[in-house]
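Colleague: need a structure here:
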Amino acid sequence: MTKPYAFEAVPNAIPFSVPSELSAPDAPIGGARTPEGAVMLDIVRMSGTSATTGPDTDWVADEVPVALVYNGISHAVMMTTPTMLKEFAVGFSLAEGIVKSLDEIYDIEVEETCSGRAVNLEVSSEAFWQLKSRRRSMTGRTGCGLCGVESLEGAVGEVRTVAHTQRFEMRHYEAALGYLYDAEKLGRLTGATHAAVWVHPDGTLAGGAEDVGRHVALDKLLGLRALSGWHVGALVVSSRASFEMVQKAVNCGVEILFAVSAPTALAVKLAKEAGLTLAAFCRRGRANIYAHPERLTGLPLAA
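Modeller: Reported below is the predicted structural model:
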């Protein structure tokens, strides 16, 4: 039997264990090193006065096509920021139900192609058989969890339920939201990314990821979470809580999700049925809790 892939240290993960790095300058503009995932372009900048209008430069987030290839078969091509691609592949595989656990992933290799990147995964024969069966029911290749699904039942899928074993103390809530800023190093430089972070129950930051796409940022974080063995805690995302975002969280066993922007009605319905605690419109001192508030301890009582 082939042994599961022995994952190496995550070189592209944000080094949250080193506080000094979190408070480092946002960008090495004028320095020798180019920020990973960004390119500098020549622009013409227009401002309110002619004295400040003219040639300039600007940092722009990089975006490349990344093919996810399972046992030699290309399954999906996603537009992503070209960082943390192994974590992305792991998170996508788990969140989309392609594999049930890391044990079903035997190897991962990232290669550069003439038009982008290819992430080659070797998965178990059972996982690959299930993937091929799934592909036969699709009208085209998928770029997300829903594209190409033939039926409405296939789009929504079977609703999984998550365990009810965790709590999150709301005295850590505002710190948890603040960690999104720490994760968006590329976003602070370019203004172009979404972020997702994992927060331990004691309110400390476990780690995070960012990408130009909110789904990919979440996939990267879920992959990093799986590789790092983080099971208990809360997920915080800088985007809205759409059906697919909630579905990915549920599929990976997340119990608590905070989203900065709005939810959709279908996402709330899924969260209620799956047992996920869902809070959205999360801002300093306020939030709307749409499903299963019982996991959130220390909520301010109404007057």
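Colleague: Could you pull out the strands in the stretch 151-300 of the chain for me?
Modeller: Assigned by DSSP state E, counting those that start in this stretch, the stretch 151-300 of the chain shows strands spanning 168-169, 194-199, 205-211, 234-237, 256-259, 277-283, 286-291, 296-297.
Colleague: helices and strands around the fifth one, which ones?
Modeller: Judged by 3 or more C-beta pairs under 8 Å, 6 or more residues apart in numbering; DSSP states H and E, the packing partners of strand 256-259 are helix 173-183, strand 234-237, helix 243-251, strand 277-283. The C-beta positions use only the backbone N, C-alpha and C, and glycine is treated the same way.
Colleague: Recalculate using a threshold of 10 Å.
Modeller: On a contact count with 3 or more C-beta pairs under 10 Å, 6 or more residues apart in numbering; DSSP states H and E, strand 256-259 meets helix 173-183, strand 194-199, strand 234-237, helix 243-251, helix 265-274, strand 277-283, strand 286-291.
Colleague: Note down every partner strand of that strand and its orientation.
Modeller: strand 234-237 (parallel), strand 277-283 (parallel) (DSSP bridges).
Colleague: got TSV for the strands of the stretch 151-300 of the chain, with mean pLDDT too?
Modeller: Below are these laid out as TSV (pLDDT from 0 to 100):
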stretch	mean pLDDT
strand 168-169	98
strand 194-199	98
strand 205-211	97
strand 234-237	98
strand 256-259	98
strand 277-283	98
strand 286-291	97
strand 296-297	96
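Colleague: hang on, the earlier thing: just tell me which of the helices and strands packed on strand 256-259 ends up closest to residue 46.
Modeller: Minimum separation from residue 46 across the helices and strands packed on strand 256-259 (C-beta to C-beta) falls at strand 194-199, 27.2 Å.
Colleague: could I get that closest one in CSV with only the CA atoms?
Modeller: Extracted in CSV, the C-alpha atoms of strand 194-199 (Å, rounded to 0.1, in the frame of the first residue of the first chain):
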residue,chain,number,x,y,z
HIS,A,194,-9.1,38.3,0.3
ALA,A,195,-7.8,36.7,3.5
ALA,A,196,-8.8,33.8,5.7
VAL,A,197,-7.3,33.1,9.2
TRP,A,198,-7.6,30.3,11.8
VAL,A,199,-7.8,31.4,15.4
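Colleague: strands paired with that strand, and their directions?
Modeller: Using DSSP bridges, the strands paired with strand 194-199 in its sheet are strand 205-211 (antiparallel), strand 234-237 (antiparallel).
Colleague: how about the ones you listed in CSV, adding mean neighbour count and distance to residue 259?
Modeller: Below are the strands paired with strand 194-199 laid out as CSV (neighbours: other C-beta atoms under 10 Å; distance: least, C-beta to C-beta, whole Å):
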stretch, mean neighbour count, distance to residue 259
strand 205-211, 26, 15
strand 234-237, 26, 5
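Colleague: could those strands go into CSV alongside distance to residue 271?
Modeller: Listed next are these as CSV, based on distance: least, C-beta to C-beta, whole Å:
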stretch, distance to residue 271
strand 205-211, 22
strand 234-237, 12
